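**Q** Using only what follows, build the 3D model:
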Amino acid sequence: MPTSAARRRPAWAGRNYTLLTASAVVTNLGSHGALIAAAFAVLGAGGDGGDVGLVAAARTLPLVLFLLIGGAVADRLPRHRVMVAANALNCVSQAAFAALVLAGEPRLWQMMLLSALGGAGQAFFNPAAEGMLLSSVDGEQAGRAFAVFRMAMHGATLGGAALGGAMVAAIGPGWVLAADAAAFAVAAVLRTFLDVRHIPPREPGGGMLADLRDGWREFTGRPWLWGIVVQFSVANAVVGAADAVYGPLVARDHLGGAAPWGVALAFFGGGTVTGALLMTRWQPRRLLLVGTLCVFPLALPSAALAVPVPVAVLCAVMFLTGLSVEVFGVSWMTALHQEIPEEKLSRVSAYDWFGSVALVPAAMALAGPAESAFGRPEALWGCAALVVVVTAAVLTVPDVRNLRRRAHQVTVASAPTPTPGADASLPAGEGSEPTRG
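**A** Down below sits the predicted model:
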């Protein structure tokens, strides 16, 4: 007989979904404060914008290098075990980072090494987490379930960024990094209770290279998939550089320090929560067309920092950007859930993540030199222009414009290309995507 808590939950909010949502809330609370803390730890140790970019790049480089292996491992081993192991590595690396900062005089190479360990953990975690979430729901309400997941996740981002910025200003970045380590530990415990019995065991035969080739065929056979991943290869790189490197510098020089920048990031989180709430009600028929049009506002924060605008205006820009980009996030996850076979979710997700972050290390490392060569405002205007150009380019892909939401979720065979418009009808609930990048 179901418990009273189970009776209160919607039918689509099963045990795995609930555990995944709770653990994502915990890690987002810690991680988004830690992003601010890491940047100000570097600056507090005497580093400059180039050093902030190097530490950020050190985290992203192993993420790029190990993502494809992580995707193959997550489709071969129980996904929840991969997630727990990755969380444990993130916990240890962040705890060591915190101890280093609290002890005083952290060296740049030490911060880069610990950031790299955290990035390696994320390389194995991201494909496993995306595959686990996509397989945790089914039926016509899958989209609504994804939207609620993102709403909870971004609500934690809202609190984590604001709290993290305030904590950095009040007690220093070391304690914020320590809190993030504790959050990873709690999330790892929650994820040990995930149930993977519903996932069919893999057939014996083939190795990791065969798995990677199979995932590559699935990825390259869908123009909408690889087209949008190429788009985000560029967009994520320049937006990542703007947020991780230029944002803290503009905040220090013009906005009053870490706390206002944390508030601005929290407004972005508030926008994503609002966007997810909107997408529980609105189901655009052409998933990717509407979603891609809503990526254009991603150029606005870079432009606002280039001016730079007052804190109140920046917060409004961040809120609007978060809301509009969340429409893309919801549509993207719904498309993946609808079109990709369950047994290949993590491998396809790995190619998605790999493409989406492949250029980020270079962008982070080059952010400082670009500022020196062209000036900070010019570099930020360049970031904004690149987002607009690549987003306009991906709209030339027919499947991006034409892929329709299905009235009923079905198990999709490994066909190389979806048929735009097949089984399309007016929808009734919305979906979402897990954290990107």
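**Q** Just give me the neighbour total for Gly159.
**A** As a burial measure, the neighbour count of Gly159 was computed by other C-beta atoms under 10 Å and equals 18. (Glycine included, C-beta is placed from N, CA and C.)
**Q** where's it relative to Gln283, distance?
**A** Applying C-beta to C-beta, to the nearest Å, one obtains 28 Å for the distance of Gly159 from Gln283.
**Q** cool, His32 as well?
**A** 28 Å.
**Q** repeat for Val168
**A** Counting by C-beta to C-beta, the gap between Val168 and Gln283 amounts to 39 Å.
**Q** Ala385 too?
**A** Distance of Ala385 to Gln283, given as C-beta to C-beta: 32 Å.
**Q** Compare these two (neighbour count), which wins?
**A** More neighbours surround Gln283 than the other of Ala385 and Gln283, with 21 against 14 (other C-beta under 10 Å).
**Q** Help me confirm that the more buried one comes into contact with Gly143.
**A** Yes: in this structure, Gln283 is within contact of Gly143 by C-beta atoms under 8 Å, at 6.6 Å.
**Q** Flag the shaky bits of the stretch 251-400 of the chain, pLDDT-wise.
**A** When the per-residue scores of the stretch 251-400 of the chain are filtered using pLDDT under 70, no range remains.
**Q** can you give me the helices for it?
**A** Taking DSSP state H, counting those that start in this stretch to define them, one finds helices in the stretch 251-400 of the chain at 258-279, 287-293, 300-306, 311-339, 345-357, 360-374, 376-394, 398-402.
**Q** helices and strands around the fifth one, which ones?
**A** Taking 3 or more C-beta pairs under 8 Å, 6 or more residues apart in numbering; DSSP states H and E as contact, the helices and strands that helix 345-357 lies on are helix 49-76, helix 108-135, helix 208-220, helix 223-241, helix 311-339.
**Q** Contacts for that helix next, please.
**A** By C-beta atoms under 8 Å, 6 or more residues apart in numbering, the residues outside helix 345-357 that reach it are 60, 63-64, 67-68, 70-72, 74-75, 79, 126-128, 130-131, 134-135, 211-212, 214-216, 218-219, 225-226, 229-230, 232-233, 236, 336, 340, 436-437.
**Q** could you redo the last one with a cut-off of 6 Å?
**A** Among residues not part of helix 345-357, those counted as contacts by C-beta atoms under 6 Å, 6 or more residues apart in numbering are 60, 63-64, 67-68, 70-72, 74-75, 126-128, 130-131, 134, 215, 218-219, 229, 232-233, 236, 340, 437.
**Q** Narrow the residues you listed to those that are buried.
**A** Applying a neighbour-count criterion of 16 or more other C-beta atoms under 10 Å, the buried members of these are 60, 63-64, 67-68, 70-72, 74-75, 126-128, 130-131, 134, 215, 218-219, 229, 232-233, 236, 340, 437.
**Q** Next up, the contacts around the closest residue in space to Asn28 that isn't next to it in sequence.
**A** Once its chain neighbours are removed from consideration, Asn28 has its nearest residue in Ala156; the separation is 3.7 Å (C-beta to C-beta, 6 or more residues apart in numbering). Shown in contact with Ala156 (C-beta under 6 Å, 6+ apart): Val25, Asn28, Leu29.
**Q** Show only the entries of those found in strands.
**A** In this view, the contacts of Ala156 have no member that belongs to strands under DSSP state E.
**Q** Need these in CSV (columns: distance to Val325 and pLDDT).
**A** Putting those into CSV (distance: C-beta to C-beta, whole Å; pLDDT from 0 to 100) gives the following:
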residue, distance to Val325, pLDDT
Val25, 20, 89
Asn28, 16, 84
Leu29, 20, 83
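**Q** Among those residues, which one lies nearest to Trp381?
**A** Asn28 (30.3 Å; C-beta to C-beta).
**Q** Gly159 is in contact with that closest one, correct?
**A** No: with contacts defined as C-beta atoms under 6 Å, Asn28 does not count as touching Gly159, sitting 8.5 Å away.
**Q** before we move on, the earlier item: from the contacts of Ala156, which single one is nearest Ser324?
**A** Proximity of the contacts of Ala156 to Ser324 (C-beta to C-beta) peaks at Asn28, which lies at 20.0 Å.
**Q** Distance of that closest one relative to Met318?
**A** Between Asn28 and Met318 the distance, using C-beta to C-beta, works out to 16 Å.
**Q** quick one, what contacts Ile36?
**A** Ile36 is in contact with Gly164, Gly165, Val168, Ala258, Gly262, counting by C-beta under 6 Å, 6+ apart.
**Q** let's see it at 7 Å
**A** Under the criterion of C-beta atoms under 7 Å, 6 or more residues apart in numbering, the contact list for Ile36 reads Ala161, Gly164, Gly165, Val168, Ala258, Trp261, Gly262.
**Q** any idea what sits nearest the fifth one, other than its immediate chain neighbours?
**A** In this structure, Ala258 finds its nearest non-sequential neighbour in Val168, 4.4 Å apart by C-beta to C-beta, 6+ apart.
**Q** What count of nearby residues applies to that neighbour?
**A** Other residues within reach of Val168, judged by other C-beta under 10 Å, total 28.
**Q** burial count for Ala166?
**A** Here the count is done by other C-beta under 10 Å, and Ala166 has 18 residues near it.
**Q** Let me know the pLDDT of it.
**A** pLDDT recorded at Ala166 is 82.
**Q** buried sites along the strand or helix carrying it?
**A** Counting by DSSP states H and E, the element that carries Ala166 is helix 142-171. Neighbour-count burial for helix 142-171, counted by 16+ other C-beta under 10 Å, picks out 142-169.
**Q** How far off centre is the helix or strand just after that helix?
**A** Scanning the chain past helix 142-171 towards its C-terminal end, the next helix or strand to appear is helix 173-191 (assignment: DSSP H and E). On the basis of C-alpha atoms, centre = their mean, to the nearest Å, the separation between the geometric centre of helix 173-191 and that of its chain is 18 Å.
**Q** Over to stretch 145-157?
**A** The answer for stretch 145-157 is 12 Å, by C-alpha atoms, centre = their mean.
**Q** What does Arg404 show for phi and psi?
**A** In this entry, Arg404 is assigned phi and psi values of phi -100, psi 150 (degrees, to the nearest 10).
**Q** so it bridges to which residues?
**A** Applying DSSP bridges to Arg404 gives these bridge partners: Arg286.
**Q** give the contact list for Cys91.
**A** With the criterion set at C-beta under 7 Å, 6+ apart, Cys91 makes contact with Ala181, Phe184, Ala185, Ala188.
**Q** do you know how far the first one is from Ala161?
**A** Which is Ala181. Summarising the geometry, the distance separating Ala181 from Ala161, computed by C-beta to C-beta, is 18 Å.
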